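[1] Dropping a prediction and its sequence here:
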Amino acid sequence: MNTFEPGGTASYTDGLFGIPTTAEKSEIVIIPVPWEVTTSYGGGTSRGPERILKASAQVDLFDLELGHSYKKGYHLLPLPHELLLLNDDLRSLALTVRATLESGESLSAEDQRALKAVNEGCAKMSEWVHTQAAEILARGQIPAVLGGDHSSPEGAIRAVSEATNGAFGILHIDAHADLRHQYQGFERSHASIMNNVMHATWKPQKLVQVAIRDFSEEEYQLMEKNVHVETFFDLNLKRALFEGEAWASICKRIVSGLPEQVYVSFDIDGLSPEYCPHTGTPVPGGLSFDQAGYLLRVAVESGRKIVGFDLNEVSPSPDPSNDWDGNVGARLLYKLCGWTILSQA
């Protein structure tokens, strides 16, 4: 367990990573988004932010790479309970719609009303996140989103785009391409976020995807045709490694396609499932924890500046004695915060 003051022992009740902070005096302000309305397989990601907060007290603050970066302040905003309640209500409606679609039947009038309510609720969530992120940016701070499913950060990405006049790129680490169009009829599905982002009027200059290994043919065609999307498929990354290319060289190739300002969007299932066994849609393959951390290092050492980030799809184990997913999520969050701070120099 970390200690943040001589003689003092941290606990998760003190704040993120056991550090008592305030939003006003922190360089990074993290927006918790307890959301999993449109998840299409496993559940539990809406409880991810709370579990990561609890596990974060076990992270030792000093880091060989990051030093004392935490002293710049990483503040997690209070859990928005009204949003969590809305999530729980809408998820039951989304499950009803999904069940009808999976049965092969047409949506009834009641299903159509449920679908409309879900889409409106997801839009409300996205607007709420946008407002929070825009306020953080206006104060000269760095916004981050802690989801929730991967639909959670769309509003934050839009706020970053507005603040940078679109002069930024996204480094997207994920098992999935998330380029589906209105997946299962849900306009802001976790499987559609990058499609929505890249078709928005405020889209970034570049989307660089890493560790992608589960995608549809439609998504593959979009990746191949859109010059603003560059995808490093997990299959090709592993082939390069197996044939002798160093990970350092691969990371430099990945980073070379990014503009100077970078937003990092990190779905935990971009890692190998051994690190996130309870995430909603785990896929064999993926990055190790250290490979992901080294990629962030290369991006920062190349001179790229991280202007915002998100971490999503951490789903706690149903066994309260097993906190592995939260533990890994907290440590990955710490790395994301630290490299973001170091990129500002």
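    Looks like it arrived, so ask away.
[2] Let me know the average pLDDT across the helix or strand that contains L146.
    Element membership of L146, judged by DSSP states H and E, is strand 142-147. Average pLDDT, strand 142-147: 97.
[3] Stretch 258-273 too?
    For stretch 258-273, the per-residue pLDDT averages 98.
[4] Then stretch 117-136?
    pLDDT averaged over stretch 117-136 gives 95.
[5] now it, how far from the centre of its chain.
    Stretch 117-136 has its C-alpha centroid displaced from the chain centroid by 16 Å (Cα atoms, centre = their mean, to the nearest Å).
[6] For E218, see how far away the nearest residue to H130 once chain neighbours are set aside is.
    Once flanking residues are discounted, H130 sits nearest to G155: 3.2 Å by Cβ to Cβ, 6 or more residues apart in numbering. Glycine gets a C-beta too; all of them are placed from N, C-alpha and C. G155 sits 25 Å away from E218, going by Cβ to Cβ, to the nearest Å.
[7] Looking at the two, which is more packed in?
    Counting neighbours by other Cβ atoms under 10 Å for G155 and for E218 shows that G155 has the greater number, 25 against 13.
[8] now for the helix or strand harbouring that one, which elements pack on it?
    Assigned by DSSP H and E, G155 belongs to helix 154-164. If you count contacts as 3 or more Cβ pairs under 8 Å, 6 or more residues apart in numbering; DSSP states H and E, helix 154-164 packs onto helix 109-138, strand 142-147, helix 193-198, strand 261-267, strand 305-312.
[9] Isn't V314 up against T45?
    Yes. The pair V314 and T45 passes the contact test of Cβ atoms under 8 Å, sitting 6.7 Å apart.
[10] Helix or strand with the lowest mean pLDDT in the protein?
    Scoring the helices and strands of the chain by mean pLDDT, DSSP states H and E places helix 81-103 at the bottom, with a mean of 89.
[11] Quick one: residues contacting the residue nearest to H130.
    M125, S126, E127, W128, V129, H130, T131, Q132, A133 (Cβ atoms under 8 Å, 6 or more residues apart in numbering).
[12] on that earlier part again, what are the pairing partners of the strand holding L146, and which direction each?
    Its sheet considered, strand 142-147 pairs with strand 28-33 (parallel), strand 305-312 (parallel) by DSSP bridges.
[13] Export the last one to PDB, keeping only CA atoms.
    Included here for strand 305-312 are C-alpha records, laid out as PDB according to Å, rounded to 0.1, in the frame of the first residue of the first chain:
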ATOM      1  CA  LYS A 305       1.800  15.800 -26.300                       C
ATOM      2  CA  ILE A 306      -1.100  13.900 -24.700                       C
ATOM      3  CA  VAL A 307      -4.000  16.300 -24.500                       C
ATOM      4  CA  GLY A 308      -6.600  13.900 -23.000                       C
ATOM      5  CA  PHE A 309      -7.200  10.200 -22.600                       C
ATOM      6  CA  ASP A 310      -9.700   7.600 -21.500                       C
ATOM      7  CA  LEU A 311      -9.600   4.100 -20.000                       C
ATOM      8  CA  ASN A 312     -12.600   1.900 -20.500                       C
END
